[in-house]
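Asker: here you go, sequence then predicted model.
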Amino acid sequence: MDARWWVAGLLAAISCATAGAQATREEKCPASKDLVVQALETAGPQGTPKNFADALQLLKRASSMCSESGDAWYYRSLIERRLGNAGAATFSIEQAKLVGSDAMTQGLQPFTLATPAATPGRRGTGDATAGSGVNKSTVAQKWALVIGITKFSDRALPPLQFTAADANSFAALLGDPALGKFPKDHIHTLTDEKATTRAIKQQLNWIARMAGPNDMVVIYLATHGTPRTTDKVGQLNYILTYDTVLKSTETPDQDALYATALPMVDLSNAVATRVHALRTLVVLDTCYSGGSLKNGNLMMGKLKNAAPSPATLQRMSEGSGRIIFAASRDDQESLESVDLRHGYFTYYLLKRLTESKGMTPLTQVFNTVQKDVSDRVAKDGAEDHLQQNPVMEQSKDDADFALGIATGAQVAGVAFPPKP
């Protein structure tokens, strides 16, 4: 009897120790994953040697905290190779193979641009000769991913009013044969329960797979966004998807946020390193109030909305042929209007694109929309001294194109570097 009790006690102790080790891994791995995302934000395709050295230290900490993090090992191998450390790169990739890495399986290359970086003084299209200036090209195909999230599975997250309607209206404009001229089966729209983190990442991969260099890509996103201060470990922006879990806006669960939300750097990397289309527009309406300008306040609790940071927009525009619209500065909210039944930015963007039948260059459209939004919000929100100032970022080739260019049409003056 005593022997049996002794064996049972030993097994119980072993079980407790194993459970404790598992709990420790579970506590460490979310923080480890956060460090991986932070490393990706630290060292972009056009990062400096110091950026890569800093990112490597973050990845070393990540793999030390959680040796099962295959992505940390995989990204370590890419950076080690870039820094000329062949032996360390081989060791890291073997570790990634041993534990498994989703990023390695997908062949992600977050440190390599999908489009060539602009060369000063060289503008034009792919069939141009260096220095020849304006050239002609054709748009082969047009692809779009449109996302709008009004309600969330986590009831701690306050619903929005018009984001799904904004997305559907934008998708309808793109598919209009007289305006956007996008083939309707080339427009994928995700709203509310369809817009999970997994679904959005899958659709980003779809558009990256489908679009070639001579194509046009549009990505539109309207939902809540979180500020960097919400993420105590990585200081990262997140896009809140339908299945994001925060549990509380007073004290957000940071592990749940990382596990369920979409890091803004994932979107930035998809655009900069996976989308090969040399005409790419990204529209980010990712920072809404918890209601309308007239009858709503900021997101409930201590959690505040935040637009993408200037560094995020800059990362997204790396390469060539990129235009990024953000509905507000990163210290402002992007507001909704009960009177307009839309977010202010999307309402005026739709209005100006419709008026021009999609044929006005996007930078000119933005300049008009920027004034429209700033003036209207200042007027409607005068009592509360509200402001909303949209911002635009372009790749260094001063990319510009009209949204309504028809496929197969000859286009003059599309800006991106010629082939060498």
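Answerer: Yes, it's here. Computed from a prediction, not measured in an experiment: that's the story for all the values here.
Asker: okay, and Leu281 sits in which element?
Answerer: strand 279-285 (DSSP states H and E).
Asker: with only the CA atoms kept, save that strand in CSV.
Answerer: C-alpha atoms of strand 279-285 as CSV (Å, rounded to 0.1, in the frame of the first residue of the first chain):
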residue,chain,number,x,y,z
ARG,A,279,0.0,50.3,-59.3
THR,A,280,-1.1,49.7,-55.7
LEU,A,281,-3.5,51.8,-53.6
VAL,A,282,-4.1,51.2,-49.9
VAL,A,283,-6.9,53.0,-48.1
LEU,A,284,-6.8,52.9,-44.3
ASP,A,285,-9.8,54.0,-42.4
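Asker: I'd like the numbering to begin with 37 instead of 1 from here.
Answerer: All right, first residue 37 from here; so that's strand 315-321.
Asker: which other helices and strands contact it?
Answerer: Counting contacts by 3 or more CB pairs under 8 Å, 6 or more residues apart in numbering; DSSP states H and E, strand 315-321 is packed against helix 199-211, strand 252-258, helix 300-309, strand 358-362, helix 380-391. Where you see a C-beta, it was placed from the backbone N, CA and C, and this is true even at glycine.
Asker: tell me the strands beside that strand, with direction?
Answerer: Partners of strand 315-321 in the sheet, by DSSP bridges, are strand 252-258 (parallel), strand 358-362 (parallel).
Asker: and the shortest one with helix 380-391, angle?
Answerer: Just to be clear, that refers to strand 358-362. Inter-element angle recorded for strand 358-362 and helix 380-391: 130 degrees (by axes from the mean of the first three to the mean of the last three CA atoms, to 10 degrees).
Asker: please save the CA atoms from the next helix or strand after strand 358-362 in PDB.
Answerer: Next helix or strand after strand 358-362 toward the C-terminus (DSSP H and E): strand 370-373. Output of strand 370-373 as PDB, limited to C-alpha atoms (Å, rounded to 0.1, in the frame of the first residue of the first chain):
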ATOM      1  CA  SER A 370     -11.300  59.100 -38.000                       C
ATOM      2  CA  LEU A 371     -15.000  60.000 -37.400                       C
ATOM      3  CA  GLU A 372     -18.300  58.800 -38.600                       C
ATOM      4  CA  SER A 373     -21.300  61.000 -39.500                       C
END
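Asker: avg pLDDT for strand 370-373?
Answerer: Regarding strand 370-373, the rounded mean pLDDT is 89.
Asker: give me the sheet partners of that strand and which way each runs.
Answerer: Sheet pairing for strand 370-373, assigned by DSSP bridges, gives strand 324-328 (parallel), strand 378-379 (antiparallel).
Asker: so, low pLDDT: which residues of the stretch 337-456 of the chain?
Answerer: The stretch 337-456 of the chain contains residues with pLDDT under 70 at 337-345, 446-456.
Asker: please enumerate the helices of it.
Answerer: Using DSSP state H, counting those that start in this stretch, the helices found in the stretch 337-456 of the chain span residues 346-352, 380-391, 398-416.
Asker: now these as a markdown table including distance to Pro81 and mean neighbour count?
Answerer: Formatted as a markdown table, the helices of the stretch 337-456 of the chain follow (distance: least, CB to CB, whole Å; neighbours: other CB atoms under 10 Å):
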| stretch | distance to Pro81 | mean neighbour count |
| --- | --- | --- |
| helix 346-352 | 9 | 21 |
| helix 380-391 | 28 | 21 |
| helix 398-416 | 23 | 18 |
